[in-house]
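> Predicted model, plus sequence, below.
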Amino acid sequence: MTSLVRRFIKTAIAFLLGGLAIGALMMIRRELSGRFAGPYETSAHTHAILVGFVMMMIQGVALWLFPRPEKGDMRYRPALIETAYWCLTLGTATRVVGELARSAVVDARLGWLILFGGMLQIGGLAVFFIGMWPRIRAAGSRVREASGERF
């Protein structure tokens with residue numbers, strides 16, 4: 001397992017813990033004071049869990065399990081995956097913090113911060129899959145399919 005794969009997976013776990021903490025606080029407040037979470041808190045919780053945990057875990061595992069690029073294949077560029085990691089990590093963290101702040105502070109400028117974080121998330125996901133595209137290929141199944149094996 002490469003260091004980048006470990007970074008994706010460990011960052012995913014950190015976002016899971018953050019998302020669980022946000023969810024626990026929302027539940028405690030709801031059950032003990034009757035105050036339901038607002039849309040920004042709900043969005044922060046959702047993005048921490050679904051983008052920060054689920055998507056980053058999927059990306060880390062995909063990076064680990066997909067066939068390695070063939071020798072001499074210059075299409076796969078690990079720098080793209082590194083860029084995707086930073087865009088997704090910073091974008092998700094910015095979005096979660098911005099939405100939690102916006103739930104507590106009335107400041108329209110926070111909307112720009114949230115928008116910036118969301119655009120980083122979208123860019124990070126797009127760059128990841130553009131970078132991984134060359135690794136989505138048949139590794140051993142091409143030979144088995146040629147011999148008539150059906151899947």
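Noted; the coordinates are in hand. None of these values were measured; they are calculated from a predicted model. Residues are numbered from 1 along each chain as shown.
> Which stretches in this protein count as strands?
For the chain, applying DSSP state E gives no strands.
> mind checking the longest helix of it?
Across the chain, the longest stretch assigned as helix under DSSP state H is helix 3-33.
> what about the nearest residue to residue 83 once chain neighbours are set aside, how many neighbours?
Among residues not flanking residue 83 along the chain, residue 127 sits closest, at 5.6 Å (C-beta to C-beta, 6 or more residues apart in numbering). C-beta: built from backbone N, CA, C; applies to glycine. By other C-beta atoms under 10 Å, the residues close to residue 127 number 19.
> Which phi and psi values does the residue lying closest to residue 135 once chain neighbours are set aside adopt?
Counting by C-beta to C-beta, 6+ apart, the nearest residue to residue 135 once its immediate chain neighbours are dropped is residue 66, at 4.4 Å. The phi/psi pair for residue 66 (degrees, to the nearest 10) reads phi -60, psi 150.
> Number of residues surrounding residue 66?
Applying other C-beta under 10 Å, we find 15 residues neighbouring residue 66.
> thought it was touching residue 134?
No - the pair residue 66 / residue 134 is not scored as a contact, 9.7 Å apart, by C-beta atoms under 8 Å.
> As a check, name the ranges of all helices in the chain.
3-33, 39-47, 56-65, 78-104, 109-132, 141-146.
> Tabulate the ones you listed (CSV), appending distance to residue 72.
Shown next, in CSV, are these (distance: least, C-beta to C-beta, whole Å):
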stretch, distance to residue 72
helix 3-33, 21
helix 39-47, 39
helix 56-65, 20
helix 78-104, 15
helix 109-132, 18
helix 141-146, 18
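> quick one: which of the ones you listed is nearest residue 71?
Nearest to residue 71 among the helices of the chain is helix 78-104 (14.7 Å), distances taken as C-beta to C-beta.
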